[in-house]
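Visitor: what's the 3D shape of this:
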Amino acid sequence: MAEEQKKEAKKWGKETEGEKGQAKGEKKQDPRAQPKKLIQIVRVTETDLDGNKTVASQIKKIKGISHMLANAIAQVYPNSDKKVVDLSEQEIAELEEFVRHPEKHGIPIWMLNRRFDPESSVDRHLVGSDLVFTKNMDINKLKRMKSYKGVRHGLGLPVRGQRTRSSFRAKGQSVGVQKKKEQPAKAAPSKGGGK
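Guide: From the prediction side, this is the model:
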């Protein structure tokens, strides 16, 4: 009878209880025994990049590098099709040089994010913490000058002329509901006459 069940199962493409989960002659593999894909992180210009992806796709994650600038750097940088983890120390240093000073490597000046810097009068490109620090210093300078833009920054209102009737209502502030504090119950008046 067991042979008939096996023949019937094979006829209809079903597995019998002994054959479930494994092919002929193969052992069932434990999923825990398979090596996990390691997440490899490479640090480039103060930013963690996924090492399993290509340089061209990962340099967009660096603060201060737009999609357009990343594509331009990828065309100029010789190792842009390599995975980030496969780069040597020298190649990583070269990539940082391309990212920090793209104008020296044939990238047009109009792609830079700090054209005609007020302090140094040169075209620069800022990335990472330098970009954040410089932006904050510029805003603080506007606030100290008490210019219109500086006053708007100080009040937390839109700077570029947007209407404020319906938008920008509670920028940076959240109003929550507070629970009333429970007060102890008052003492009940005594029934006995106090005369």
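Visitor: Residue 76 contacts residue 103, doesn't it?
Guide: No: using CB atoms under 8 Å, residue 76 makes no contact with residue 103, being 11.3 Å away. (Glycine included, C-beta is placed from N, CA and C.)
Visitor: Give me the local confidence score for the spatially most central residue of the chain.
Guide: In the chain, the C-alpha nearest the mean C-alpha coordinate belongs to residue 61, at 7.4 Å (CA atoms, centre = their mean). On the pLDDT scale, residue 61 is placed at 92.
Visitor: can you check the one 4 residues further on too?
Guide: As predicted, residue 65 sits at a pLDDT of 93.
Visitor: now residue 39
Guide: 67.
Visitor: what's the answer for the one 4 residues further on, then?
Guide: What the model reports for residue 43 is a pLDDT of 86.
Visitor: Check residue 27 too.
Guide: So, for residue 27, pLDDT stands at 64.
Visitor: One more: residue 11?
Guide: 65.
Visitor: residues near residue 168, how many?
Guide: Close neighbours of residue 168, defined as other CB atoms under 10 Å, add up to 12.
Visitor: dump the residue contacts of it.
Guide: Applying CB atoms under 8 Å, 6 or more residues apart in numbering to residue 168 gives the contacts 157, 158, 162.
Visitor: Next, it: phi, psi?
Guide: Main-chain torsions, residue 168, degrees, to the nearest 10: phi 60, psi 40.
Visitor: quick one on the thing from earlier: between the contacts of residue 168, which has the most around it?
Guide: Within those, neighbour counts (other CB under 10 Å) peak at residue 158, which reaches 14 neighbours.
Visitor: hang on, that residue in a helix?
Guide: No: assessed with DSSP: H, G, I helix; E, B strand; the rest coil, residue 158 is coil; it does not lie in a helix.
Visitor: Offset the numbering so it begins at 475, please.
Guide: Shifting the count to begin at 475 puts that one at residue 632.
Visitor: which ones are touching it?
Guide: Per CB under 8 Å, 6+ apart, neighbours of residue 632: 626, 638, 641, 642.
Visitor: Take those residues and write them to CSV, including distance to residue 525 and secondary structure.
Guide: Formatted as CSV, the contacts of residue 632 follow (distance: CB to CB, whole Å; DSSP: H, G, I helix; E, B strand; the rest coil):
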residue, distance to residue 525, secondary structure
626, 43, helix
638, 46, coil
641, 42, coil
642, 41, coil
